[in-house]
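>>> Show me how the following folds:
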Amino acid sequence: MPYKIVKTFEKGNSKLSAVPSNWEKDGVLHWPRYNENKLRRVESSYPEYNWRKINCKVKRSNLRTILEAEQELDKMCKKSDTETDTDEQYYVTNQKEMMFSQVVQDCIMANRKFMDAHRAAAQKRLGVFNQDSAELERSLRGMMVTVQPPAIPMPVATRGLGFTAVAEYGRLTSAWNLETLQVICTIYQYYRVNVLVLAKLETLQENYKSLNEKITENIKAQQDERKFINESVQSILLGLSNISVQFEHVMNQFSRAENNKQKANNTTNKLQTITSEHELHNFEKLLENPEMEEEWKNNFSIVCGKGKGRGVNNAYALVDSMFSRCFLLQCSWAGGSRTSDQKILFKSHTKIINFFFGLIHESDRSLSLLDCHKFFKNILKNSRQRNESKQERTSRTKNRPIIKANRKHLCNGTQPSLPITGTSSPGNSSEVSLPAVGTSGSGSENRSGCSERVVEKSGPDNDDDDSMSSASVAGTH
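Coordinates of the predicted model:
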C-alpha cells in the first residue's frame, strides 16, 4: 500500500508525518502507542483498536515507499506551500534529537575519513586524476550497485523522540549520499545485533540461573534421599543382626533339647559295665571332661538315687552297674597279687573313685571318702567269692546283732532259750560253736570261767562280700 504525508497538531504545534495509507481514514490518523517507528515502516500494517486517534490533514498521498515519503517530507519541511511560522519548530530539536544527530554526524565523518584514505587508490584505478571532486564522486557512485537499499527500521535510539526526530531523520537521509546511508545501515545492523545478543545473553543467564537452582535442588533432594536410604539400610542391618542372634539362640536351645532327648533315649545303652582294662582307662579319660562327668552322673543317678540314706547298699548296686564281677578279678587295690599274675592297680584311677564317691555321697551324706576306699578294698579282696556266687539276691549289708540273754546262757553253760543267730537277708545263716567248759581242782566248785567262740560263716549261696572275720568273745567270773 502507498504512503501518505499527514499534518497533525499536538500541544499547539503542527507536525508532518509519513505514515502508511491505512493509518489515515476520513481525516483521522490512527497512531500506535508503542513501536510506532517499527510499525510505520510496514506499509501493510492496519490500525488496532487500542491506537490513539488524532485529527489530521492529508498533504501528500500515493507515495510508493517510505524512503520516497521521507524524501518528500524533507522537501516539504525545507520549503513548501504548507510552510508556516509554526513549521519552523521542526528545526528546533531537543536534547535527545541533538544527541541522535551527533551520532549520525560522527558516523559520517568516520566514513569520509575512510573514503579520503582510499581516494588516491580509486583515482589511480579510474585514471581521473584531473577530475574535480564532483566528477570523482559521480564516478564512484556509478561504480556502486544502484540497487535500492532495503527498507530498514530506524535506529532504536530514536524511539520516543516524536515527529520532530522523524522529520529530522528524513531530512538528513535525503541530503546524504548512498554511501553514507549504507554506513548508517551497517552501524544500525551492528547495533541491532548487539542488542539482540545482549537480550539473548540475559535470557541465557536467567535460564542458567534457573537451571542451576533446579540442579542444586535436585542434588539436595538426592542427598536427602541417599541419607534416608543409608539410615534405612542401617536399621535393616541392625534388625537382621538381632534376628540372627535370636535365631542362633533358638537353634542352640533346639540343639540342646535334641541332645538331651537323645541322651535320655540312649541312657539305657550307655549304662554298660566295664569289662576290660582298656574300657577302664577310656572311662578315666572321659571323666576328665566336666560336661561328660556331669552327664554320666545323671545317667548313674537312677541306680542309687539321692538322699535316701542307704549309702552302702547303693554302693553295692552301683559297683555291679559299673564293673563286671569277672573284670574285678583282674584288679587289686594296690596292684599286688598272691600269684605270679599281675593285676590292675585300681587306686590309681582317682577320677573313677571320686566319681563313684560323688554318687554315693549324694545318697548318704554320712559316708566319707575313706569309707569309699574301704569299700573298694573289701570288694576287690572278695572279688572271687562274688564272682562265684549265684547272684540270686541283691548284695547288701548284713545285720548280725548278738543277744545279751543268750550270751549269759553261754557263759553259765546252760542251754539258751533262743538260738543264737544273726539277722540278715533271707538265706543267710550264722553259726555259733560253743567250746568245752573245763574245771580245775577236784571236787571244787571253782568255775574256771567260760569262753565262747562265735563263728559266723556265710552259706554257700551267700552273695555278700563284706563277710566279717571271726570274732572271739571271752568272759570270766
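
>>> Can you show me the strands along the stretch 1-150 of the chain?
3-10, 13-20, 24-25, 28-31, 52-63 (DSSP state E, counting those that start in this stretch).

>>> got any ranges where the stretch 1-150 of the chain has weak pLDDT?
1, 79-150 (pLDDT under 70).

>>> All the helices of it, residue numbers only.
All helices of the stretch 1-150 of the chain, identified by DSSP state H, counting those that start in this stretch, fall at 36-40, 66-78, 95-117, 119-126, 133-143.

>>> Show me what counts as buried in the second one.
Counting neighbours by 16 or more other CB atoms under 10 Å, one finds that the buried residues in helix 66-78 are I66, L67, E68, A69, E70, Q71, E72, L73, D74, M76, C77. (C-beta placed from N, C-alpha, C; glycine too.)

>>> just curious, which of those is nearest to K347?
Comparing those against K347 with CB to CB places I66 closest, at 140.3 Å.

>>> wait, what's in contact with F356?
Counting by CB atoms under 8 Å, 6 or more residues apart in numbering, F356 touches A315, L318, V319, M322, C372, F376.

>>> Next, it: secondary structure please.
helix (DSSP: H, G, I helix; E, B strand; the rest coil).

>>> Redo the strands of the stretch 1-150 of the chain as CSV? Include mean neighbour count and distance to H249.
As requested, those are arranged in CSV below (neighbours: other CB atoms under 10 Å; distance: least, CB to CB, whole Å):
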stretch, mean neighbour count, distance to H249
strand 3-10, 19, 101
strand 13-20, 22, 97
strand 24-25, 16, 102
strand 28-31, 18, 95
strand 52-63, 15, 94
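
>>> So which of the buried residues of helix 66-78 is the closest to V19?
Checking those against V19 by CB to CB gives A69 as the nearest, at 8.3 Å.

>>> quick one, what contacts A18?
Contacts of A18 by CB under 8 Å, 6+ apart are Y3, K4, I5, R40, L63, I66, A69, E70, E72, L73, V166, G170.

>>> Report the beta-bridge partner residues of it.
Using DSSP bridges, the bridge partners assigned to A18 are I5.

>>> can you list the weak-confidence ranges in the stretch 151-300 of the chain?
If you take pLDDT under 70 as the line, the stretch 151-300 of the chain has these spans: 151-185, 188-193, 261-271.

>>> swap the cut-off to 50 and go again
Within the stretch 151-300 of the chain, the stretches with pLDDT under 50 are 151-166, 173-175, 267-269.

>>> now the helices for it?
163-175, 178-265, 267-270, 277-286, 290-304.

>>> Export these to TSV and append columns for distance to D341 and mean neighbour count.
Below are these laid out as TSV (distance: least, CB to CB, whole Å; neighbours: other CB atoms under 10 Å):
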stretch	distance to D341	mean neighbour count
helix 163-175	149	20
helix 178-265	39	11
helix 267-270	31	10
helix 277-286	13	14
helix 290-304	30	14
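
>>> With respect to Y34, which of those helices lies nearest?
helix 163-175 (15.6 Å).

>>> circling back: okay, the contacts of F356 in a markdown table with pLDDT and neighbour count next?
Conversion of the contacts of F356 to a markdown table gives the following (pLDDT from 0 to 100; neighbours: other CB atoms under 10 Å):
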| residue | pLDDT | neighbour count |
| --- | --- | --- |
| A315 | 86 | 26 |
| L318 | 86 | 18 |
| V319 | 88 | 21 |
| M322 | 88 | 21 |
| C372 | 90 | 19 |
| F376 | 90 | 20 |
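
>>> Among those residues, which lie within helices?
A315, L318, V319, M322, C372, F376 (DSSP state H).

>>> how about those, which pair is most distant?
M322 and C372 (13.1 Å).

>>> hang on, the earlier thing: between the contacts of F356, which is closest to R386?
Distances from R386 to the contacts of F356, taken by CB to CB, are shortest for V319, at 9.5 Å.

>>> got a list of what that closest one touches?
V319 neighbours (CB under 8 Å, 6+ apart): F356, F375, I379.

>>> and with 10 Å instead?
T273, V303, R325, L328, F356, I360, F375, F376, I379, R386, S395, D465 (CB atoms under 10 Å, 6 or more residues apart in numbering).

>>> Can you give me the neighbour number for S348?
By the criterion of other CB atoms under 10 Å, S348 has 11 neighbours.

>>> what helix or strand is it on?
S348 is part of no helix or strand, with elements assigned from DSSP states H and E.

>>> How much space separates it from G335?
Between S348 and G335 the distance is 8 Å, computed by CB to CB, to the nearest Å.

>>> just to revisit the earlier point, closest to Q342 out of the buried residues of helix 66-78?
I66 (145.6 Å).

>>> how close does the closest one get to M322?
Counting by CB to CB - I66 and M322 are separated by 134 Å.

>>> Now S383. Nearest residue, chain neighbours left out?
L328 (4.2 Å; CB to CB, 6 or more residues apart in numbering).

>>> again, but for E72
R60 (5.6 Å).

>>> Now for the residue nearest to S383, how many residues are close by?
24.

>>> Next up, phi/psi of it, please.
Torsion angles at L328 (phi, psi; degrees, to the nearest 10) stand at phi -70, psi -20.

>>> For E277, which of the strands of the stretch 1-150 of the chain is the nearest?
That would be strand 52-63 among these, by CB to CB, at 134.9 Å.

>>> orientation of the closest one relative to strand 13-20 in degrees?
60 degrees (axes from the mean of the first three to the mean of the last three CA atoms, to 10 degrees).

>>> Now do strand 52-63 against helix 66-78, angle only.
Going by the same axes, to 10 degrees, strand 52-63 makes 100 degrees with helix 66-78.
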